[in-house]
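Engineer: Take this sequence and fold it.
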Amino acid sequence: MNEIDPARRFSMDAVRNYDAPAESEKPGGINDVARQVASQYRRDTMSPIMVSGVLRMVEFALLFLSGLGVYFY
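Structural biologist: Purely as a prediction, here's the structure:
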């Protein structure tokens, strides 16, 4: 029904004839408030997927060790 093929989204002629805007003389950048907000974020953060994976490994290790403890006790 709504199958959109990304390869056919634009025709080749439309892409070839696209008139891109001229380059600006002023270099792009961010303002001081945006720079301050960006500097507050840490670079060494862990994604939620990484945290979930580490917790699963810890849970497996605890279950394994408790299973060994029950088996040998």
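Engineer: Can you list the low-confidence ranges for the chain?
Structural biologist: The model of the chain has pLDDT under 70 over residues 1-2, 6-8, 24.
Engineer: Just give the number of residues close to Asn17.
Structural biologist: 8 (other Cβ atoms under 10 Å). From N, CA and C alone the C-beta is placed, and that goes for glycine too.
Engineer: Closest to the centroid, which residue in the chain?
Structural biologist: When Cα atoms, centre = their mean is applied to the chain, the residue found nearest the centroid is Ser47 (8.4 Å).
Engineer: Now do that one against Glu25, distance only.
Structural biologist: The gap separating Ser47 from Glu25 is 39 Å, by Cβ to Cβ, to the nearest Å.
Engineer: ok, now Asp13?
Structural biologist: Separation of Asp13 from Glu25 (Cβ to Cβ) stands at 31 Å.
Engineer: The two - which one has more neighbours?
Structural biologist: Higher neighbour count among Asp13 and Glu25: Asp13, with 8 against 5, using other Cβ under 10 Å.
Engineer: Report the buried residues of the helix or strand harbouring that one.
Structural biologist: Assigned by DSSP states H and E, Asp13 belongs to helix 12-16. Using 16 or more other Cβ atoms under 10 Å as the test for burial, helix 12-16 gives no buried residues.
Engineer: which residues sit against it?
Structural biologist: Around helix 12-16, nothing counts as a contact under Cβ atoms under 8 Å, 6 or more residues apart in numbering.
Engineer: Renumber starting at 44 from here on
Structural biologist: Sure, I'll start numbering at 44, so the last one becomes helix 55-59.
Engineer: Now do stretch 57-66: distance to the chain's middle.
Structural biologist: Centroid displacement of stretch 57-66 relative to its chain, using Cα atoms, centre = their mean, to the nearest Å, is 30 Å.
Engineer: report the longest helix in the protein, please.
Structural biologist: Using DSSP state H to define each element, the chain has its longest helix at helix 91-115.
Engineer: three-state assignment of Glu46?
Structural biologist: Secondary structure assignment for Glu46 (DSSP: H, G, I helix; E, B strand; the rest coil): coil.
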